[in-house]
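Trainee: this is the structure alone, sequence omitted:
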């Protein structure tokens, strides 16, 4: 998993976690954002946020902003850890997220 994908996956998991305790309300309440593919959808949306025009459009149809946004998210997470004086990271549940401060 790339650093960008790991960072966005950790963000999605933090915002829309899996909720197995909600199963009594129906199985549709259990899956988290990762399970329904929200991480990839967010990356695609961020990458296609700015469309290119003119000569720049020859290189592609959009400016890939996801790596830059991932770096900003990591910087914000690092600042949060410093302010909290935390040593254990943000406790991401999965090994693929171990590449950045979200881990």
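Mentor: That came in fine, so what should we check first? As the structure is a prediction and not an experimental result, all values here were calculated from the model.
Trainee: neighbours of the nearest residue to residue 73 once chain neighbours are set aside, how many?
Mentor: In this structure, residue 73 finds its nearest non-sequential neighbour in residue 7, 5.4 Å apart by Cβ to Cβ, 6 or more residues apart in numbering. C-beta: built from backbone N, CA, C; applies to glycine. By other Cβ atoms under 10 Å, 29 other residues sit near residue 7.
Trainee: report the buried residues of the one helix or strand residue 7 maps to.
Mentor: In the assignment (DSSP states H and E), residue 7 maps to helix 3-15. Across helix 3-15, burial judged by 16 or more other Cβ atoms under 10 Å covers 4-14.
Trainee: who does that helix touch, helix- and strand-wise?
Mentor: Packing contacts for helix 3-15, counted by 3 or more Cβ pairs under 8 Å, 6 or more residues apart in numbering; DSSP states H and E, involve helix 38-47, helix 66-84.
Trainee: distance between the ends of stretch 26-39?
Mentor: 23 Å (Cα to Cα, to the nearest Å).
Trainee: ok, and what's touching that stretch?
Mentor: Here stretch 26-39 makes contact (Cβ atoms under 8 Å, 6 or more residues apart in numbering) with 5, 8-9, 11-13, 15-20, 22-23.
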